[in-house]
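[1] Mind looking at a prediction? Sequence and model below.
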Amino acid sequence: MRTLYGLTQSAWTEKARWALEHHGIAYRYHEHVPVLGEVLLRLKARPRPPGTKASVPLLVDGDQVLPTSLAIARHADALSRGERRAEPLFPSGQEGEVERWADLSDRMIGAARARVLVGLRNSRAAQREALPTFIPGPLRPLMTPMAVIAAMFLRAKYDAPRDADAEAENVLRPALDLVRKALGARATLLEDFSFADVAIASSLQALIPRARAPFGPATRAIWENLALARGYEDLLAWRDEVYAKHRPGG
Ligand SMILES: N[C@@H](CCC(=O)N[C@@H](CS)C(=O)NCC(=O)O)C(=O)O
């Protein structure tokens with residue numbers, strides 16, 4: 001059975017899960033634990049292009065290893081080709097456009113990660129929620145330094161910018177303006193629903209996680225950027241509509 005390695009709170013993992021589930025593709029899910037899971041991740045992500053990091057989401061499907069949310073989404077489309085269970089996420093002739101939106105969504109999530117990692121270092125409650133589930137309840141308050149170490153590790157691993165507010169202003173805000181302009185009054189970024197919508201709707205978690213996001217209140221709080229979100233309620237309403245229509249149960 002194919003296995004998806006992911007981080008539940010990561011919008012990159014959400015993009016991959018959505019693409020797989022859009023096509024009804026069965027997979028086993030393995031929650032990656034930063035730091036502790038690094039060696040396993042490197043093993044599973046081998047071989048990967050030189051100079052790239054082992055990261056999640058990562059899909060291992062037999063001898064195929066798909067190392068990014070974009071690669072996983074393309075793989076999902078390829079697997080379902082011919083079965084026509086759902087519309088393709090990369091409509092023919094529009095692949096380049098979809099990739100440009102996916103790339104923008106990567107930058108939006110990257111900007112959010114800078115903020116989340118600061119939040120994680122400062123919130124004991126979010127640290128407790130971030131601990132692996134195998135740590136029993138009574139021990140969790142004692143183990144929060146593990147989550148702080150993970151935040152520091154991820155900041156260094158991905159060279160996350162230190163000034164999260166500057167990232168929100170200089171990266172996230174212009175991206176949101178671009179999305180708003182492209183959408184206008186439309187329901188989807190391209191002619192039909194595509195991975196462009198999956199990627200951008202998932203990355204709006206950078207403003208406020210959707211109501212049914214599968215993580216605790218303290219994790220939700222470190223993702224929220226309420227000041228920025230106030231100016232983009234139209235995009236959040238669009239995100240909720242896309243989820244309601246295209247991500248049943250999500
Ligand atoms: N462009 C990649 C981004 C992957 C990425 O940056 N993943 C981070 C999310 S914070 C990760 O794997 N973190 C956990 C780790 O490195 O241990 C994708 O689309 O999948």
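    Yep, that arrived. From a predicted model like this one, the values you see are computed outputs, not experimental measurements. Residues are numbered from 1 along each chain as shown.
[2] how far away is Arg28 from the ligand?
    Using C-beta to the nearest ligand atom, to the nearest Å, one gets 18 Å for the distance from Arg28 to the ligand. (Each C-beta comes from the backbone N, C-alpha and C, glycine too.)
[3] show me where the protein has strands.
    Assigned by DSSP state E, the strands in the chain fall at 3-6, 28-31, 58-61, 64-66.
[4] and the last one, which residues are buried?
    Spelled out, that is strand 64-66. Leu66 (16 or more other C-beta atoms under 10 Å).
[5] swap in stretch 137-147?
    For stretch 137-147, the buried set under the neighbour-count rule, 16+ other C-beta under 10 Å, comprises 140, 144, 146-147.
[6] Switch those residues over to CSV; also include distance to Ser203 and pLDDT.
    Output for these, formatted as CSV (distance: C-beta to C-beta, whole Å; pLDDT from 0 to 100):
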residue, distance to Ser203, pLDDT
Arg140, 29, 94
Thr144, 28, 97
Met146, 27, 96
Ala147, 23, 97
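[7] From these, which land in helices?
    144, 146-147 (DSSP state H).
[8] ok, Ser202 - contacts?
    Ser202 makes contacts with 11-12, 14-15, 18, 105, 109, as judged by C-beta atoms under 8 Å, 6 or more residues apart in numbering.
[9] Repeat that for Val242.
    So Val242 contacts 187-188, 193, 197, 201 (C-beta under 8 Å, 6+ apart).
[10] now it: how far from Pro248?
    For Val242, the distance to Pro248 equals 12 Å [C-beta to C-beta, to the nearest Å].
[11] swap in Trp101?
    From Trp101 over to Pro248 (counting by C-beta to C-beta), the distance is 22 Å.
[12] Neighbour count: these two, which is higher?
    Shown here are Trp101 and Pro248; by other C-beta atoms under 10 Å, Trp101 has more neighbours (22 against 9).
[13] close enough to count as contact, the more buried one and Ala196?
    Yes - assessed by C-beta atoms under 8 Å, Trp101 is found in contact with Ala196 at 3.6 Å.
[14] which residue packs closest to Glu167, ignoring adjacent ones?
    Leaving aside its sequence neighbours, Glu167 sits nearest to Ala111 (C-beta to C-beta, 6 or more residues apart in numbering; 4.0 Å).
[15] report the longest helix in this structure, please.
    Determined from DSSP H, the single longest helix within the chain is helix 95-122.
[16] Who are the packing partners of it?
    helix 11-22, helix 69-80, helix 124-130, helix 144-157, helix 164-167, helix 173-183, helix 195-203, helix 217-223 (3 or more C-beta pairs under 8 Å, 6 or more residues apart in numbering; DSSP states H and E).
[17] In CSV: those helices, plus distance to Glu87.
    Formatted as CSV, the helices and strands packed on helix 95-122 follow (distance: least, C-beta to C-beta, whole Å):
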stretch, distance to Glu87
helix 11-22, 8
helix 69-80, 10
helix 124-130, 36
helix 144-157, 35
helix 164-167, 34
helix 173-183, 19
helix 195-203, 11
helix 217-223, 29
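[18] and these, which is most packed in?
    helix 195-203 (a mean of 28; mean count of other C-beta atoms under 10 Å).
[19] And the contacts of stretch 121-129?
    Taking C-beta under 8 Å, 6+ apart as the rule, stretch 121-129 contacts 119-120, 140-141, 144, 146-148, 151-152, 215-219, 221-222.
[20] Actually, stretch 153-161.
    Contacts for stretch 153-161 (C-beta under 8 Å, 6+ apart): 34-35, 53, 110-111, 113-114, 117, 167.
[21] so the nearest residue to Tyr29 once chain neighbours are set aside bridges to which residues?
    The shortest distance from Tyr29 to any non-neighbouring residue, by C-beta to C-beta, 6+ apart, is to Leu4 (5.3 Å). On the basis of DSSP bridges, Leu4 is bridged to Tyr29, Leu59.
[22] quick one: pLDDT of Leu4?
    For Leu4, the model assigns a pLDDT of 98.
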